[in-house]
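Student: Need coordinates for the below:
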Amino acid sequence: METRIAIVSIIVEDPGVVEELNSIIHDYREYIIGRMGIPYKKYAISVISIVMDAPNDTISAFSGKLGMLPKIMVKTAYSRVLNTEGDNQTQIQGK
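Tutor: Next up is the predicted model:
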């Protein structure tokens, strides 16, 4: 199965959705490499970065679910690195 590395950037503008946000993150925990959250009290927002190693459709589904939450902004950046788990080969897409 091919997986990719991606970073999902999230801006939370309403603390009322944090419980649902954390529930979605928990559902995808097996694909999450790391997470960093920064509360920015000056503007009453939080900025969260989540790094994933997962198949494309899993990353898209995760981003889509987060993007459907009210007052949540989500952007995803994908690396060009593909990992094929079965043979431990890593390749750069487009080369």
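Student: remind me, longest strand of this structure?
Tutor: Longest strand of the chain, by residue count under DSSP state E: strand 72-84.
Student: who does that strand pair up with?
Tutor: strand 2-12 (antiparallel), strand 89-92 (antiparallel) (DSSP bridges).
Student: Tell me which of the ones you listed sits nearest to R29.
Tutor: strand 2-12 (13.3 Å; C-beta to C-beta). C-beta here means a position set from N, CA and C on the backbone, and glycine is covered the same way.
Student: For the closest one, list every residue counted as buried.
Tutor: For strand 2-12, the neighbour count (16 or more other C-beta atoms under 10 Å) marks 3-8, 10, 12 as buried.
Student: What lies in contact with that strand?
Tutor: For strand 2-12, contacts defined as C-beta atoms under 8 Å, 6 or more residues apart in numbering pick out 18, 21, 33, 45-56, 59, 62-63, 66, 71-79, 81-85.
Student: Can you show me the CA trace of that strand as CSV?
Tutor: In CSV, the C-alpha atoms belonging to strand 2-12 read as follows (Å, rounded to 0.1, in the frame of the first residue of the first chain):
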residue,chain,number,x,y,z
GLU,A,2,1.4,3.4,-1.0
THR,A,3,1.5,6.1,1.7
ARG,A,4,2.5,9.7,1.6
ILE,A,5,3.7,12.2,4.1
ALA,A,6,1.4,15.2,4.5
ILE,A,7,1.0,18.1,6.9
VAL,A,8,-2.5,19.2,7.8
SER,A,9,-2.7,22.8,9.0
ILE,A,10,-5.7,23.8,11.1
ILE,A,11,-6.9,27.1,12.4
VAL,A,12,-9.5,26.9,15.1
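Student: Helix or strand next in line after that strand, which one?
Tutor: Later in the chain than strand 2-12, the nearest helix or strand by DSSP states H and E is helix 18-27.
Student: Report all helices and strands that that next one contacts.
Tutor: If you count contacts as 3 or more C-beta pairs under 8 Å, 6 or more residues apart in numbering; DSSP states H and E, helix 18-27 packs onto strand 2-12, helix 56-67.
Student: Out of those, which gets nearest to D27?
Tutor: Of the helices and strands packed on helix 18-27, nearest to D27 by C-beta to C-beta is helix 56-67, at 8.3 Å.
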